[in-house]
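> Attaching a predicted model along with its sequence, questions to come.
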Amino acid sequence: MGIKKVKPITPGRRQAVFDDFSDITNKRPKIKSLIKVRKTSGGRNNQGRITVRHRGGGVKKRTRVIDFKRTKFDIPATVEAIEYDPGRGARIALLVYADGARSYIIAPAKVKVGDKVMSSMKKIAIKAGNCMPVKYIPAGIDICCVELNPGAGAKIARGAGDSVFVMGVEGKFAQLKMPSGEIRLVKKDCLCTIGPASNADKRHIKYGLAGRKRKLGWRPTVRGSAMNPVDHPHGGGEGNQPIGLKNPKTPWGKTAMGVKTRRNRPSDKLIIKRRKRRKR
């Protein structure tokens, strides 16, 4: 992937940085059986209450069905195309197996059309796109699409440019360094894909216009200090004022920023080192 700037004929285009889609290679019709309609909730739960603010609207999206389990073991596959998926930041790769079946996977970086990849529960070549248990990955190798439990499908490092660093294998577990900096244990039989996820330049994209964020389903976000006291604890005052509180608060008066939200999770014992704390 690459990014591009355009001629600044308007203020929005002056600030914007676009994806040039130079790595997209698919020229064939989409496979209908591997496409599904993405339903949106508008940030509401099953009771109709807003639990995630600033979500709603957006254009309709038809996402691709991704094979996160990679269960067609020991059957070689060829990368037929690198495609864009409107439901995620990373690129996806269309695989054609030797038996004629097709499926999508998260495309690792440096995987090109025509490459041969394979998924196996045994040790195979350390090659970008190959999938095998973590216990066969040498220390120092970047991987993506890692399972948390064997056979449950990839859960970790699926976003654009994400990767997990293998630190070593000992006993029943492997030590992995997460994109957040956290070091945790994962069962060594969990499957993973060699190489970091593709489209690492996505972080450099700038939308330039509020309307482009609305198309993605993001509604306006207003600062608490710009509100009235009845609407937010930070509100009120004439002109620019400090919040007047020891710690920042949520709109409901609870302490925000830096507060631990993970409590009494069974997997806490598998975390060796916590992620990096945000400096304030």
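Ah, there it is. Residues are numbered from 1 along each chain as shown.

> from here on, contacts and neighbour counts on C-alpha atoms
Noted.

> And for residue 156, nearest residue in space, chain neighbours not counted?
Nearest non-adjacent residue to residue 156, counting by Cα to Cα, 6 or more residues apart in numbering: residue 146, 5.0 Å away.

> where does the one you found land on pLDDT?
pLDDT for residue 146: 96.

> Please, where are all the strands along the stretch 101-250 of the chain?
102-106, 116-117, 131-133, 142-144, 146-147, 154-156, 164-170, 173-177, 183-187, 191-194 (DSSP state E, counting those that start in this stretch).

> just to revisit the earlier point, just give me the neighbour total for the residue nearest to residue 156.
Residues lying near residue 146 (other Cα atoms under 10 Å) number 29.

> likewise residue 191?
Residue 191: 31 neighbours (other Cα under 10 Å).

> which residues are in contact with stretch 31-48?
50-57, 60-66, 87, 103-104 (Cα atoms under 8 Å, 6 or more residues apart in numbering).

> hang on, the earlier thing: the residue nearest to residue 156 touches residue 152, doesn't it?
No. Counting by Cα atoms under 8 Å, residue 146 does not reach residue 152; the two are 10.0 Å apart.

> what stretches of the stretch 1-150 of the chain score poorly on pLDDT?
Low-confidence segments of the stretch 1-150 of the chain, defined by pLDDT under 70: 1, 27-28.

> gap between the residue lying farthest from the centre of the chain and residue 247?
Here the centre of the chain is the reference, and by Cα atoms, centre = their mean the most remote residue is residue 238, at 41.3 Å. Distance, residue 238 to residue 247, using Cα to Cα, to the nearest Å: 21 Å.

> the domain parsing of this protein - what is it?
As assigned by automatic domain parsing, the chain contains the domains 1-23+203-221, 24-40+57-198, 223-271.

> Kindly export stretch 189-200 (C-alpha atoms) in PDB.
Provided in PDB are the C-alpha atoms of stretch 189-200 (Å, rounded to 0.1, in the frame of the first residue of the first chain):
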ATOM      1  CA  ASP A 189      -1.000 -25.200  20.100                       C
ATOM      2  CA  CYS A 190      -2.700 -22.000  19.000                       C
ATOM      3  CA  LEU A 191      -2.500 -21.300  15.300                       C
ATOM      4  CA  CYS A 192      -0.900 -18.100  13.900                       C
ATOM      5  CA  THR A 193       0.100 -16.700  10.500                       C
ATOM      6  CA  ILE A 194       3.600 -15.800   9.600                       C
ATOM      7  CA  GLY A 195       4.300 -12.100   9.000                       C
ATOM      8  CA  PRO A 196       2.700  -8.800  10.100                       C
ATOM      9  CA  ALA A 197      -0.700  -7.900   8.800                       C
ATOM     10  CA  SER A 198      -0.700  -5.800   5.600                       C
ATOM     11  CA  ASN A 199      -1.600  -2.100   5.000                       C
ATOM     12  CA  ALA A 200       0.600  -0.700   7.800                       C
END
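
> Perfect, that will be all.
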